[in-house]
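K.L.:
Starting from these lines, generate the structure:
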Amino acid sequence: MGFFTKLFSKENKESLDQGLSKTKESFFGKLAKVVAGKSSVDADVLDNLEEILISGDVGVKTTIKIIKRIEDRVAKDKYVSTNELNSILKTEVAALLNENNSVSNAVNFDAVLAKRPYVIMVVGVNGVGKTTTIGKLAYQFKLAGKNVILGAADTFRAAAVEQLIIWGQRVDVPVVSQGQNADPASVAFDTLSSAKAKDCDVVIIDTAGRLHNKVNLMNELTKIKNVMKKVIPDAPHEVLLVLDGSTGQNAIEQCTQFTAATDVTALAVTKLDGTAKGGVVIGISDEFKIPVKYIGVGEKMTDLQIFNAPEFVDSLFNKS
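P.N.:
Sure thing, here's the model as predicted:
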């Protein structure tokens, strides 16, 4: 059984729980201090909760929305005990993610991949786990029975090309490369041409991971997309921005830069297992209204998971 058919498996949920454990421990540790000696949710509790959410990198705008929802609930119910606070917070965060179209259900990949080859262009700065994400995605598509090909169009650094080739060998999928300083658009063209010739299901194109000025970034990514369209007119079908969750507000800034430079259609938030800043997923989803499609919660191949908002909220806010 492939990864994509095991979205709600017990093993995946355990990995998610473990991956978010640092964020959860940090949050509940701080929340316990806030409600100590308090029987009801009052202005002081809400002020302190606001600080906790902001320090957990949920983001100021999103935190204000969440606090306003809880204030409305307190005003409506007249009395809300501190014991109810976590459950209310869980409900409101889940509702917010739902409104932001971030709730993932089991994806019918056979339907999505009817656009064969399905072309994913991956963007993001160096060091966020971009190449690792591509490798894990390739592995999991392959587990699902799909033929995958990778394109090493991050030609700015020789290491980026080498890393992708190593990942290709590790997961046993072909990589099209022309080495360092090659024209990224040329690599993309060759990769898509090869994918068509070999009747591949999925193409994943790596792109330059540097945040040079916005105009140059926009021009480079636009050129790659335009060249892709010469081979496959509606390519890319997905532009996936990879963000490092452990950088907190930095990830939000990177999202701002890349969404200004190109039409990002999906997000992958990595390295959540090594940080207490898992709240950044909530903030990014709310602020940019772009679906968080994948989250990285560990180093195993299957620890890149399709983002499932209800299970994410459950792992984050369940006390058990």
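
K.L.:
Pull out the buried positions in stretch 166-182.
P.N.:
167, 168, 171, 173, 174, 175, 176, 177, 178 (16 or more other Cβ atoms under 10 Å). From N, CA and C alone the C-beta is placed, and that goes for glycine too.

K.L.:
actually stretch 313-320, not the one I typed
P.N.:
Buried, per 16+ other Cβ under 10 Å, within stretch 313-320: 313, 314, 315, 316, 317.

K.L.:
got the CA positions of that stretch in PDB?
P.N.:
C-alpha atoms of stretch 313-320 as PDB (Å, rounded to 0.1, in the frame of the first residue of the first chain):
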ATOM      1  CA  VAL A 313      -5.100  20.300  15.400                       C
ATOM      2  CA  ASP A 314      -5.800  17.100  17.300                       C
ATOM      3  CA  SER A 315      -2.100  16.400  17.700                       C
ATOM      4  CA  LEU A 316      -1.400  19.900  18.800                       C
ATOM      5  CA  PHE A 317      -4.100  20.400  21.300                       C
ATOM      6  CA  ASN A 318      -4.900  17.000  22.700                       C
ATOM      7  CA  LYS A 319      -3.700  16.800  26.300                       C
ATOM      8  CA  SER A 320      -3.500  13.000  26.300                       C
END
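
K.L.:
Any chance you could list what contacts it?
P.N.:
13, 16-17, 19-20, 23-24, 27-28, 86, 89-90, 93-94, 97, 278-279 (Cβ atoms under 8 Å, 6 or more residues apart in numbering).

K.L.:
Please check those residues and keep the buried ones.
P.N.:
Using 16+ other Cβ under 10 Å, the buried members of the contacts of stretch 313-320 are 13, 16-17, 19-20, 23-24, 27, 86, 89-90, 93-94, 97, 278-279.

K.L.:
Which of those residues fall in helices?
P.N.:
13, 16-17, 19, 23-24, 27, 86, 89-90, 93-94, 97 (DSSP state H).

K.L.:
need those residues in JSON lines with pLDDT, can you?
P.N.:
Listed next are those as JSON lines, based on pLDDT from 0 to 100:
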{"residue": "13", "pLDDT": "84"}
{"residue": "16", "pLDDT": "88"}
{"residue": "17", "pLDDT": "87"}
{"residue": "19", "pLDDT": "88"}
{"residue": "23", "pLDDT": "87"}
{"residue": "24", "pLDDT": "87"}
{"residue": "27", "pLDDT": "84"}
{"residue": "86", "pLDDT": "84"}
{"residue": "89", "pLDDT": "89"}
{"residue": "90", "pLDDT": "89"}
{"residue": "93", "pLDDT": "90"}
{"residue": "94", "pLDDT": "89"}
{"residue": "97", "pLDDT": "86"}
